[in-house]
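> Here is a sequence together with a model predicted from it:
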Amino acid sequence: MALENLSGIRQRTTVRKAEREKHEKWTFLELRNFIEYKAKLAGVLVLLVDPRNTSRQCSVCGYTDKGNRKIQETFSCLACEHTENADFNASKKILLLGLPSISL
């Protein structure tokens with residue numbers, strides 16, 4: 001199993017004043033701890049991957065560009081023209097980043 005390493009995300013992101021309270025209540029570490037706890041009970045390895053460019057890199061051809069995410073919800077690769085939901089593309093990229101380190 002692979003998860004994005006979101007350590008320091010509050011320092012790397014900026015939000016409007018109206019959204020600051022909601023932003024400060026993000027509990028990524030708590031969620032990660034729950035997942036790691038349950039994974040350990042099931043004998044599943046949890047690998048943390050670098051989140052850099054996971055939302056900008058194509059899960060099909062690997063091309064990375066800011067232009068691949070012209071709108072928040074849609075990923076559209078400028079190189080191979082692969083198009084899908086941006087979150088789904090990023091989740092497949094995270095999975096692929098975690099695969100090389102997992103021994104079968």
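Structure received.
> Only C-alpha atoms from now on, for both contacts and neighbour counts.
Fine.
> Okay, now the unreliable bits of this structure?
6-26, 100-104 (pLDDT under 70).
> and with 90 instead?
Scanning the chain for pLDDT under 90 picks out the ranges 1-35, 44-55, 70-72, 93-104.
> how's it carved up into domains?
With domains defined by automatic domain parsing, the chain comprises 1-49, 52-104.
> residues contacting the residue lying closest to Tyr63 once chain neighbours are set aside?
Counting by Cα to Cα, 6 or more residues apart in numbering, Tyr63 lies nearest to Gln57, which is 5.5 Å off, once chain neighbours are set aside. The contact partners of Gln57, by Cα atoms under 8 Å, 6 or more residues apart in numbering, come to 63-65, 68, 77, 90, 93.
> Ends of stretch 67-74, what's the gap?
Stretch 67-74 has an end-to-end distance of 11 Å (Cα to Cα, to the nearest Å).
> all strands for this protein, in order.
Remark: strands of the chain, listed N- to C-terminal, are 2-4, 47-49, 74-76, 83-85; assignment by DSSP state E.
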